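Asks: compute the structure for the input listed below.
(one chain, ligands or ions: 3)
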Amino acid sequence: MNVLIAEELDRLHQLITWEMPAVPSPGSVAGEACVWCHLPPGDTAVDLVVGMPRRGCADCYTTRLAWLVSWYDWHDHVRACVSCQQARTCHVGRGRRALHERTVALASQRPLRCVSCHQLALASQLVLPVLWEGTSSDHLGYGHTLCMVRRATTR
Ligand SMILES: [Zn+2]
Ligand SMILES: [Zn+2]
Ligand SMILES: [Zn+2]
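Replies: Residues are numbered from 1 along each chain as shown. Ligands and ions are numbered 1, 2, ... in the order given. All right, here's what the predicted structure looks like:
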């Protein structure tokens, strides 16, 4: 395996483990149940924490991986795309958002909500992926494009 890919998977793995429930069920503490769906994790389970019997089943793990990867794909596009940044129509950006939104419910994530006005991002509204720095880790968030443009110009 390519070194860069291994590093990238390692980083994504770290991000996924931050998505573990704060209060694990008794079975998942012993590694006998998936931390997310509480079913037996099976032969293809993924060990989540080094030195601790915390495991995720392959289904839960891959849906979370798809959620993260699709967010970063969308974010990478928007960072380089003036149309997306300036609230103009962009079919690529719209496609990346649609792909990401399909993973949200599967990965048990909350619906997209704007980091600026705290309202839900509706399908009819333009939205951007927004990375904001937390105290212990970065968080993947979203912002209405118009809210983010307003923020940038009043700063
Ligand atoms: Zn599971
Ligand atoms: Zn774009
Ligand atoms: Zn907003």
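Asks: for Gly42, see how far away the residue lying closest to Ser83 once chain neighbours are set aside is.
Replies: Nearest non-adjacent residue to Ser83, counting by CB to CB, 6 or more residues apart in numbering: Cys90, 4.1 Å away. For glycine as for every other residue, the C-beta is placed from the backbone atoms N, C-alpha and C. Using CB to CB, to the nearest Å, Cys90 is found at 41 Å from Gly42.
Asks: neighbour count for the two, which is higher?
Replies: Cys90 (19 against 11; other CB atoms under 10 Å).
Asks: ok, Trp74 - contacts?
Replies: Gly93, Arg96, Arg97, Leu99, His100, Pro129 (CB atoms under 8 Å, 6 or more residues apart in numbering).
Asks: my guess is it is in a helix, correct?
Replies: Yes. With DSSP: H, G, I helix; E, B strand; the rest coil as the criterion, Trp74 is part of a helix.
Asks: ok, now how distant is Trp18 from ligand 2?
Replies: 28 Å (CB to the ion, to the nearest Å).
Asks: count of neighbours near that residue?
Replies: With other CB under 10 Å as criterion, Trp18 counts 11.
Asks: grab the most central residue of this structure for me.
Replies: Nearest to the mean C-alpha position of the chain, counting by CA atoms, centre = their mean, stands Leu68 at 3.7 Å.
Asks: in three-state terms, label it for me.
Replies: Secondary structure of Leu68, per three-state DSSP, is helix.
Asks: surely it touches Leu15?
Replies: Yes. Assessed by CB atoms under 8 Å, Leu68 is found in contact with Leu15 at 5.5 Å.
Asks: tell me the pLDDT of Pro26.
Replies: pLDDT, Pro26: 86.
Asks: for it, give me its contacts.
Replies: By CB under 8 Å, 6+ apart, Pro26 has no neighbours at all.
Asks: 10 Å instead?
Replies: Glu32, Ala33, His38 (CB atoms under 10 Å, 6 or more residues apart in numbering).
Asks: cool, and Cys84?
Replies: Neighbouring residues of Cys84 by CB under 10 Å, 6+ apart: 74, 77-78, 90, 92-94, 96-97, 126-129, 145.
Asks: kindly list the main-chain dihedrals of it?
Replies: Cys84 adopts backbone torsions of phi -60, psi -40, taken as degrees, to the nearest 10.
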